[in-house]
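Engineer: no sequence on this one, just coordinates:
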């Protein structure tokens, strides 16, 4: 077993008995799309802890997410003042987004085996984009801290009511903005604008019963 899987298994073993009714820990695969500059389609994963009383409609969420994406495009990139005019050429973009969020899940409906909730999250995200020209070999890099938020829906389905494992399916749309305005006048700044992020997720939740 790899070190990462060993750590995940140990954390699950520690958290599972300690989960109270109304609490759960979830792990999900995430697909995201931005479609702006070097940021295209992303895949990754998310871990979340949710806590709320069963007799209340609102639960609180804490989460961590990491996404990575690679795309190819043909464009003109000439960063830096006074540089020569650059021709259009193919580029390879490799980008990552790592985020920490907190928020609430507002339960809209519930049955004995399923629930539907409105989710509202906000937090911070670290973005990195590495762009390489495939013809000339030029490399351009950019990093940025953003504030982020999202609104969406989350459906939870328990195949067997008394099992601690449930299936989660979710979708959201959100945005992010740089925390600090850029001071670069003329350069490679693909992460200095606001972004719109669309997400879909599928995962499993370990519930306190």
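Structural biologist: Alright, I've got the coordinates. None of the values given here were measured: they were computed from a predicted structure.
Engineer: Contacts made by stretch 149-168 with the rest, please.
Structural biologist: Residues outside stretch 149-168 that contact it (Cβ atoms under 8 Å, 6 or more residues apart in numbering) are 16, 24, 26, 28, 101, 105, 112-123, 169-176, 197, 199, 201-209. Every residue, glycine included, has its C-beta placed from N, CA and C.
Engineer: Run through the bridge partners of the most centrally placed residue in the chain.
Structural biologist: Geometric centre of the chain, nearest residue: residue 65, 4.5 Å, by Cα atoms, centre = their mean. Beta-bridge partners recorded for residue 65 (DSSP bridges): residue 46, residue 99.
Engineer: Distance check, it against residue 168.
Structural biologist: Residue 65 sits at a distance of 14 Å from residue 168 (criterion: Cβ to Cβ, to the nearest Å).
Engineer: close enough to count as contact, the residue nearest to the centre of the chain and residue 98?
Structural biologist: Yes. If you go by Cβ atoms under 8 Å, residue 65 and residue 98 touch, sitting 7.3 Å apart.
Engineer: Any regions of the chain where pLDDT drops low?
Structural biologist: 1-22, 79-85, 182-188, 209 (pLDDT under 70).
Engineer: Helices of that one, start to end?
Structural biologist: Ranges of helices in the chain, per DSSP state H, are 3-18.
Engineer: Could you report the neighbour count for the nearest residue to residue 172 once chain neighbours are set aside?
Structural biologist: Nearest residue to residue 172, sequence neighbours excluded (Cβ to Cβ, 6 or more residues apart in numbering): residue 152, at 2.6 Å. By the criterion of other Cβ atoms under 10 Å, residue 152 has 18 neighbours.
Engineer: what does residue 59 give?
Structural biologist: Neighbours of residue 59 under the rule other Cβ under 10 Å: 20.
Engineer: isn't it right next to residue 48, touching?
Structural biologist: No. The criterion here is Cβ under 8 Å, and residue 59 misses it with residue 48 at 10.8 Å.
Engineer: and residue 164, backbone torsions?
Structural biologist: Main-chain dihedrals, residue 164, degrees, to the nearest 10: phi -80, psi 0.
Engineer: Which residue is the nearest non-sequential neighbour of residue 125?
Structural biologist: residue 99 (3.8 Å).
Engineer: and that neighbour, how far is that from residue 164?
Structural biologist: 27 Å.
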